[in-house]
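> below are the sequence and a predicted model; questions follow.
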Amino acid sequence: MSNSYQGNFDVHFGALRAEGALQVPKGSACVLCKGSRNLCGKDRCPLMVKFYSRSKTRRMIDTLDLAGMSPPGIFVGRYGYPKVEIGPLVPPIMGDTAMMDTPELWVGKSIEEIVDFRFSLVRGKHRIDAFNFEKGGRIVDLTRDLALSNNPLEVEAKFLKKPSGRMILDDEVQPFGPSAWLRDLSVGNPKYDQHVEKAYYDKDLKATQAVRELYRDGVMISKIQKAFSVGAFGIGKNRRFVPTRWTITAVDDILGKGLLKDTRYNPLLDEWRVYDWYQLDNRWSILLMPTSWRYELIEAWYPNTAWNPMGREVEILSDHEFFKGRKEYAPIGGCYYAARLAINELLMKEGKQAGAIIFREAHPGYIMPVGVWNVRENVRAALMTEPHRFETLQQALAHISGRMEIPMETWIAHSGILRDFLSQRRIDDYV
């Protein structure tokens, strides 16, 4: 790193840190490294990625009056629920911005590309009562219009103070940039998707039924999630705003359970399959088993990854369910439900029932979390490839061992499904 560049970085980094946009832990090697020596072990500096992205739009959002084309995007916070902050996501950009809030289109994009268009989205904030949002006024109505719109809309957001604050990073929610309290909001004329509009005006249609019907009608999951978040579905008196983080998992869970009602009574798959995939320095192997329904997600987080930044060893976590499913929330998080949905989409398409185990290695190139869409869409993409087919479990596991760095015995030790299968003697053993 040149001295002139280093000096420029020091000046701007200090300014961004003062705003709270980039936060470095006390005693961190970041202070010594300054993005140039890779002391954290990552192949590129997460702070620098954020710095570059922030620098591109900093001047454009340094204003009390921001105009741009919302993708459309909205965000509903969860802190203080039911008193929550809601509002639009607005970039300082005109034109077609749909890509910025359509994660179904992000497979194949690099971390830098995702960070670039997500961190340019400024979040406008307005506090409401999620249970009594009808009294929230004009800003609530316009935020709902944005969530239900089928196309990008021109938005003018007037703020009480200039946008500032840290950039949001969360493994459940797509990242976005700084925020500011709204003084006023103007939104162009929305054009609703006809299916979403029908569900919105049907005050006797239960939310679960609305979500499943829209999915069957071909409405993208990200659009269903936005509408769900602004209380657009459900029995009239029960409607409420739902935090974006909760909405993402709720919709994935509703859809996954809906498909499972059919797929777990389909004929059994008659072979062992493995689907391989690689994206954002995440390695995936998806094992489909010729068994009754059972499902497991096993994630291995290497040191210097998003959720194991200071560790010295690989951290492995997993959750699973058998034929009857599970009642308690999966501690591994929303990715569990996102991947389960993707698996059942394939089984529904093929008219089959199977067991499924997803092996995921997150390597140091996965420098920051980008949202649970990363799991759903990459598992979907993997299942669109031609699988490797095997006659035995041993052959399938040997193939997976050849792709993954972690030894198979370690995967088995952390797998409830594999340990159960390998330890139980079955009727097939006697045939």
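That came through fine.

> residue 128 touches residue 86, doesn't it?
Yes: Residue 128 is within contact range of residue 86, at 5.7 Å (criterion: CB atoms under 8 Å). (C-beta placed from N, C-alpha, C; glycine too.)

> out of these two, which sits in the busier spot?
Between residue 128 and residue 86, counted using other CB atoms under 10 Å, residue 86 has the larger neighbour count: 28 against 22.

> which SSE is that one in?
Assigned by DSSP states H and E, residue 86 belongs to strand 83-90.

> and that strand, C-alpha only, in PDB?
The C-alpha trace of strand 83-90 is given here as PDB (Å, rounded to 0.1, in the frame of the first residue of the first chain):
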ATOM      1  CA  LYS A  83     -42.700  -0.300  19.000                       C
ATOM      2  CA  VAL A  84     -40.500  -0.500  15.900                       C
ATOM      3  CA  GLU A  85     -38.800   1.600  13.300                       C
ATOM      4  CA  ILE A  86     -40.100   1.200   9.700                       C
ATOM      5  CA  GLY A  87     -39.300   2.900   6.400                       C
ATOM      6  CA  PRO A  88     -38.100   2.800   2.900                       C
ATOM      7  CA  LEU A  89     -34.700   1.800   1.500                       C
ATOM      8  CA  VAL A  90     -33.600   4.500  -1.000                       C
END
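
> tell me how far residue 257 lies from residue 250.
Here the criterion is CB to CB, to the nearest Å. By it, residue 257 lies 11 Å from residue 250.

> more crowded one of these two?
Set side by side, residue 257 and residue 250 show more neighbours around residue 250, with 20 against 16, by other CB under 10 Å.

> the bottom helix or strand of this protein by mean pLDDT?
The helix or strand of the chain with the lowest confidence, counting by mean pLDDT, DSSP states H and E, is helix 3-19 at a mean of 36.

> and for residue 128 and residue 86, which residues touch both?
Taking CB atoms under 8 Å, 6 or more residues apart in numbering as the criterion, residue 128 and residue 86 both touch 136, 140, 241.

> need the longest helix for this protein.
As assigned by DSSP state H, the longest helix anywhere in the chain is helix 244-263.

> could I have the CA atoms of the helix or strand just after it written out in PDB?
Next along the chain after helix 244-263, taking DSSP H and E as the criterion, comes strand 272-279. What follows is strand 272-279, C-alpha atoms only, in PDB (Å, rounded to 0.1, in the frame of the first residue of the first chain):
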ATOM      1  CA  TRP A 272     -28.100 -41.900  -3.400                       C
ATOM      2  CA  ARG A 273     -27.400 -38.400  -4.900                       C
ATOM      3  CA  VAL A 274     -24.900 -35.700  -4.200                       C
ATOM      4  CA  TYR A 275     -25.200 -32.200  -5.600                       C
ATOM      5  CA  ASP A 276     -22.000 -30.000  -5.400                       C
ATOM      6  CA  TRP A 277     -21.800 -26.200  -5.500                       C
ATOM      7  CA  TYR A 278     -19.300 -23.500  -4.700                       C
ATOM      8  CA  GLN A 279     -20.000 -19.800  -4.300                       C
END
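
> now do the helix or strand just after strand 272-279 and strand 272-279, the angle between them.
Sequence-wise, the next helix or strand downstream of strand 272-279 (DSSP H and E) is strand 282-289. Interaxial angle, strand 282-289 versus strand 272-279 (axes from the mean of the first three to the mean of the last three CA atoms, to 10 degrees): 170 degrees.

> just the mean pLDDT for whichever helix or strand comes after strand 282-289, thanks.
Using DSSP H and E, the next helix or strand after strand 282-289 towards the C-terminus is strand 294-301. Strand 294-301 shows a mean pLDDT of 97.

> for the nearest residue to residue 280 once chain neighbours are set aside, helix, strand, or coil?
Among residues not flanking residue 280 along the chain, residue 366 sits closest, at 5.4 Å (CB to CB, 6 or more residues apart in numbering). Going by DSSP: H, G, I helix; E, B strand; the rest coil, the secondary structure assigned to residue 366 is coil.

> so residue 163 touches residue 182, yeah?
No: applying CB under 8 Å, one finds residue 163 not in contact with residue 182, separated by 10.8 Å.

> the two: which is more packed in?
Counted by other CB under 10 Å, residue 163 and residue 182 do not tie: residue 163 has more neighbours, with 25 against 22.

> and the pLDDT for that one?
91.

> phi and psi next, for it.
Per-residue torsions, residue 163: phi -60, psi 140 (degrees, to the nearest 10).

> please apply the same query to residue 362.
phi -100, psi 110.

> dig out what it forms beta bridges with.
residue 282, residue 301 (DSSP bridges).

> neighbours of it, just the number please.
22.

> grab the nearest non-local neighbour of residue 195.
That would be residue 217: by CB to CB, 6+ apart, it lies 4.5 Å from residue 195.

> okay, now the unreliable bits of the stretch 301-431 of the chain?
425-431 (pLDDT under 70).

> can we see that at 90?
Applying pLDDT under 90 to the stretch 301-431 of the chain picks out residues 303-312, 364-370, 423-431.

> and if you look at the stretch 51-200 of the chain?
Across the stretch 51-200 of the chain, the ranges flagged by pLDDT under 90 are 51-62, 111-113, 115-120, 133-137, 164-178.

> ok, which stretches of it are strands?
65-70, 74-76, 83-90, 122-129, 153-159, 179-187 (DSSP state E, counting those that start in this stretch).

> export these to CSV and tack on distance to residue 301?
Listed next are the strands of the stretch 51-200 of the chain as CSV, based on distance: least, CB to CB, whole Å:
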stretch, distance to residue 301
strand 65-70, 34
strand 74-76, 26
strand 83-90, 28
strand 122-129, 28
strand 153-159, 37
strand 179-187, 29
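
> so of the ones you listed, which one's packed in deepest?
With neighbours taken as mean count of other CB atoms under 10 Å, those reach their highest mean count in strand 74-76, at a mean of 26.

> chain center to that one, what's the gap?
14 Å (CA atoms, centre = their mean, to the nearest Å).

> next one: stretch 247-261
14 Å.

> can you give me the strands in the stretch 301-431 of the chain?
315-321, 355-362, 388-390.

> which of those strands sits most buried?
strand 355-362 (a mean of 25).

> I'd like to check the angle between it and strand 272-279, please.
Using the same axes, to 10 degrees: strand 355-362 against strand 272-279 is 30 degrees.

> mind saving the C-alpha coords of strand 355-362 as PDB?
Presented in PDB, the C-alpha positions along strand 355-362 are these (Å, rounded to 0.1, in the frame of the first residue of the first chain):
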ATOM      1  CA  GLY A 355     -33.800 -37.700   3.300                       C
ATOM      2  CA  ALA A 356     -31.500 -34.700   2.900                       C
ATOM      3  CA  ILE A 357     -28.200 -33.600   4.500                       C
ATOM      4  CA  ILE A 358     -26.600 -30.400   3.600                       C
ATOM      5  CA  PHE A 359     -22.800 -30.000   4.200                       C
ATOM      6  CA  ARG A 360     -21.500 -26.500   4.100                       C
ATOM      7  CA  GLU A 361     -18.000 -25.300   4.600                       C
ATOM      8  CA  ALA A 362     -17.600 -21.500   5.000                       C
END
